[in-house]
Every structure is written in C-alpha cells, then in structure tokens.
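Enquirer: Generate a structure from the sequence data that follows.
(one chain, ligands or ions: 1)
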Amino acid sequence: MIEFRDVTKRFDDGTVAVDGLELVVEAGTITVFVGPSGCGKTTSLRMVNRMIDPTSGTVLVDGADVMGVDPPKLRRGIGYVIQQAGLFPHRTVLDNVATVPLLTGWTRRAARTRAAELLELVGLPAELGRRYPAQLSGGQQQRVGVARALAADPPVLLMDEPFSAVDPVVREGLQDELLRLQAELAKTIVFVTHDIDEAVRIGEKVAVMRVGGRLAQYAPPAELLAHPADDFVAGFVGRDRGYRSLSFVDSSGVEVGEAPTDGDGWRLVLDDDRRPRSWVAPDGAVVPGGSLYEVGAPVRGALDAALSSPSGLGVAVDGDGRLAGVVTARQVLDVIERRRG
Ligand SMILES: Nc1ncnc2c1ncn2[C@@H]1O[C@H](COP(=O)(O)OP(=O)(O)OP(=O)(O)O)[C@@H](O)[C@H]1O
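Expert: All right, here's what the predicted structure looks like:
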C-alpha cells in the first residue's frame with residue numbers, strides 16, 4: 001500500500017507542484033494519476049521512490065515513511081517504467097532486462113535465464129533478446145521496459161506515461177497486456193497519463209489532478225464518469241462520458257435473438273465453425289459485418305455491434321468466436337434504461 005499524507009512539494013523557485021495530496025493506493029491495485037500538463041502527476045509519482053523528496057507531509061510505502069529508507073534500497077522494491085522505455089542503447093535487449101538482477105548479485109547465467117522468462121511474460125519472442133533496443137518497434141521497446149521493471153519482482157511498479165510514445169492501436173495492445181500481467185502478478189501500480197481514456201481503461205481507481213497539484217477527485221472510473229465531482233472533472237473526462245460509461249455496464253441483461261441465416265431479408269453468413277463472416281443484403285450483395293461483441297461483455301460493445309452492423313442487427317459471439325445471436329440497438333438501450341431504474 002502507498003499512502004500520501006498531506007504531501008506538498010514546493011520547488012526552489014517557489015513552484016508548488018503538489019499541494020496537500022491525500023491519497024491511498026491499495027496494495028495489488030492499479031491507480032492512475034491523470035490531469036492536464038503540469039498538474040503534478042510526475043512529481044507525485046517520483047516522491048514514492050525518492051527521486052524527489054516532499055517539502056512537507058509523508059509518503060509511506062507499506063507503512064514505512066520513504067524518507068527513512070535509503071534510496072537505493074527503496075528503489076529495489078519499486079520498479080520504474082518511463083516513456084520510450086529508457087533502455088540502454090548499447091546493451092542487448094536480454095542484457096537490459098538482466099541489469100537489475102545482476103546488480104542485486106545474481107550470477108550472469110541466472111540473470112539471463114530470468115530475463116528470458118520475463119521477455120516471454122511480456123509477450124516478446126525469445127530471439128528479440130539478442131537485438132539492440134534500436135532494432136525494435138516502439139511497442140516492443142515498451143514491453144522490454146516493463147520486463148526490465150519487473151526483473152527484481154518488486155511489489156510496487158511506477159509507470160510514467162509508459163505508452164504515450166506509441167500509436168493508439170499499439171497502445172491499446174500494451175494496455176491489454178498490462179491488465180493481463182496484473183491479473184497474474186497483482187502488483188501495486190501507480191500509472192501516470194494525461195489521457196483520460198487510458199486512465200479509465202486501466203485504472204481501478206483514478207486520481208484526477210488539477211494544475212497547482214491539487215486532487216480534484218479520486219474514484220473508480222465508473223463513478224468518475226457517472227458522477228464527476230465538479231465542472232473541472234466533468235470537462236476533463238469529456239463530453240462523451242455518458243457513452244464511455246457504458247464500458248462499465250455488463251450486457252448480461254441483453255437477450256440475444258436468433259440470427260437470420262436464410263430467407264429474403266438480410267442474411268448472416270457463417271463459416272464451418274459457425275463464426276460470423278459477413279452479411280448478405282436483400283439484393284444479394286455481400287457486405288462486411290460490423291463489430292462483434294462477446295455475450296456478457298460491457299454494453300458499449302453490444303451497442304457498437306448493433307450500430308456498426310449493416311443490417312442493424314449486432315452480432316453476439318461466445319468465448320470461441322462462434323455465433324450466439326443478434327441484438328438491436330433498441331434492445332440494448334432498453335436494458336440501459338432499465339438499469340437506470
Ligand atoms: N525541478 C523543478 N523545478 C521547478 N519546477 C518544477 C520542477 N519540476 C517540475 N516543476 C513544475 O512543477 C509542476 C508540476 O510538474 P510535473 O512534471 O509533476 O507535472 P505533470 O503533471 O507530470 O506534467 P506533464 O503531463 O506535462 O508531464 C509544473 O508546473 C512544472 O513546471
């Protein structure tokens with residue numbers, strides 16, 4: 001667990017970067033710090049591993065005041081991932097990941113074995129270990145950065161805009177990967193971003209900060225979207241927050257109907273494994289399908305499936321991608337309305 005108790009940071013030139021921060025990051029959860037540029041996210045993060053020391057107040061990691069712990073010792077228990085990975089350019093990928101185990105006294109052989117395991121854990125093929133960082137894509141470099149931070153198996157992970165240098169598609173993949181890893185490893189993670197979409201996607205709790213280093217709201221994403229504390233938070237979470245909040249409503253109440261697979265109207269074409277392939281229009285034209293959603297997934301996906309389907313029927317699949325049925329946007333909206341009560 002990480003605690004900020006009335007923490008303030010005033011730099012020598014008088015800038016107050018963080019002002020009276022009170023916040024608890026529960027063990028084994030992902031907390032995201034989000035807010036506009038200059039609001040004190042990075043400063044707050046760096047006070048956890050003592051790259052910056054607070055002017056007043058206390059930061060505790062697992063109950064111990066960080067000011068009472070020697071910085072090198074403190075940092076051994078705290079992984080740190082930054083934008084563009086910060087890899088050593090003249091070391092191979094494998095040696096980059098093996099750096100920390102080597103520093104903590106592992107033999108070269110044991111450190112390399114551990115590094116190879118970690119590359120696999122973050123989804124990188126073993127042969128990339130022999131390359132140099134510049135020979136990897138941006139997304140691959142970020143994965144190496146995560147693997148390196150995990151090398152000493154620290155209970156705490158600090159991530160400062162780790163995925164902001166990659167394009168949106170790669171970024172979503174990295175976010176998914178982080179969530180998968182977290183389900184397995186249950187680290188205490190503080191993640192800084194200025195992207196509210198990223199924050200609500202990966203945060204179990206999200207701290208919205210405003211310039212001047214003040215905490216505007218600290219809440220789970222669904223609550224942040226449904227009940228922003230004030231106009232600043234409402235503005236920051238964005239105009240389509242109502243639509244985005246559908247990511248937190250499960251679609252189990254949406255009953256799927258039978259898909260039309262023959263007849264004169266719109267027809268859904270399936271492959272031999274009953275996986276949806278395309279639609280056939282009443283005039284016989286073959287039309288690519290819309291998005292698919294998995295039964296029970298958030299209603300946002302169900303609504304999108306219906307809205308993006310050429311026939312107006314959203315296609316639901318099971319966990320193996322096989323046809324489960326179809327829904328209309330109206331059905332999905334009815335379920336949302338009923339939930340509202
Ligand atoms: N060493 C420093 N000396 C003086 N002011 C600083 C120093 N480091 C940061 N600041 C100021 O403190 C404020 C908070 O900076 P910080 O880097 O924590 O913001 P941030 O929310 O992470 O911003 P960004 O999203 O742009 O990275 C800013 O006004 C910044 O200019």
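Enquirer: List the buried residues in stretch 114-125.
Expert: Neighbour-count burial for stretch 114-125 flags 114-116, 118-119, 121-124 (criterion: 16 or more other CB atoms under 10 Å). Every C-beta, even on glycine, is put in place using the N, C-alpha and C of the backbone.
Enquirer: quick one: that stretch to chain centroid distance?
Expert: 20 Å (CA atoms, centre = their mean, to the nearest Å).
Enquirer: Stretch 106-121 too?
Expert: How far stretch 106-121 lies from its chain's middle: 26 Å, per CA atoms, centre = their mean.
Enquirer: can you tell me which two in the buried residues of stretch 114-125 are farthest apart?
Expert: Pairwise distances across these (CB to CB) peak at 16.6 Å, for the pair R114 and G123.
Enquirer: So what's the model's average confidence on stretch 142-154?
Expert: Per-residue pLDDT over stretch 142-154 has a mean of 85.
Enquirer: Put the alpha carbons of that stretch into CSV.
Expert: Extracted C-alpha coordinates of stretch 142-154, given in CSV (Å, rounded to 0.1, in the frame of the first residue of the first chain):
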residue,chain,number,x,y,z
GLN,A,142,7.9,-0.5,-24.1
ARG,A,143,7.4,-4.2,-23.4
VAL,A,144,11.1,-4.5,-22.7
GLY,A,145,10.8,-1.5,-20.4
VAL,A,146,8.0,-3.3,-18.5
ALA,A,147,10.0,-6.6,-18.4
ARG,A,148,13.1,-4.7,-17.0
ALA,A,149,11.0,-3.1,-14.3
LEU,A,150,9.6,-6.5,-13.3
ALA,A,151,13.0,-8.1,-13.2
ALA,A,152,13.6,-7.8,-9.5
ASP,A,153,10.0,-8.8,-8.8
PRO,A,154,9.2,-5.5,-7.0
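Enquirer: ok, and for that stretch, which residues are buried?
Expert: Using 16+ other CB under 10 Å as the test for burial, stretch 142-154 gives 142-152, 154.
Enquirer: pLDDT below threshold where in the protein?
Expert: 84-85, 341 (pLDDT under 70).
Enquirer: Can you show me the helices along the protein?
Expert: In the chain, the helices defined using DSSP state H lie at 41-46, 71-76, 93-103, 108-121, 138-150, 168-185, 196-202, 221-226, 231-237, 241-244, 299-308, 329-340.
Enquirer: Now do the same contact list for the residue lying farthest from the centre of the chain.
Expert: Centroid-distance maximum for the chain: D264 at 44.6 Å, with CA atoms, centre = their mean. Applying CB atoms under 8 Å, 6 or more residues apart in numbering to D264 gives the contacts P282.
Enquirer: Show me which residues of the stretch 151-300 of the chain sit near the ligand.
Expert: With the criterion set to CB under 6 Å from any ligand atom, the stretch 151-300 of the chain comes near the ligand through H194.
Enquirer: returning to what we had before: quick one: the helices of the chain as CSV, columns for distance to D320 too.
Expert: Putting the helices of the chain into CSV (distance: least, CB to CB, whole Å) gives the following:
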stretch, distance to D320
helix 41-46, 41
helix 71-76, 43
helix 93-103, 34
helix 108-121, 25
helix 138-150, 27
helix 168-185, 19
helix 196-202, 25
helix 221-226, 29
helix 231-237, 35
helix 241-244, 28
helix 299-308, 17
helix 329-340, 23
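Enquirer: so which of these comes closest to L215?
Expert: Nearest of these to L215, taken as CB to CB: helix 41-46 at 9.3 Å.
Enquirer: and the residue in the stretch 151-300 of the chain that the ligand sits nearest to, how many residues sit next to it?
Expert: Proximity of the stretch 151-300 of the chain to the ligand (CB to the nearest ligand atom) peaks at H194, 4.8 Å away. H194 has 17 neighbours, counted by other CB atoms under 10 Å.
Enquirer: S56 too?
Expert: 11.
Enquirer: And it, how close does it get to the ligand?
Expert: From S56 across to the ligand, the span is 16 Å (CB to the nearest ligand atom, to the nearest Å).
Enquirer: same thing with L45?
Expert: Counting by CB to the nearest ligand atom - L45 and the ligand are separated by 8 Å.
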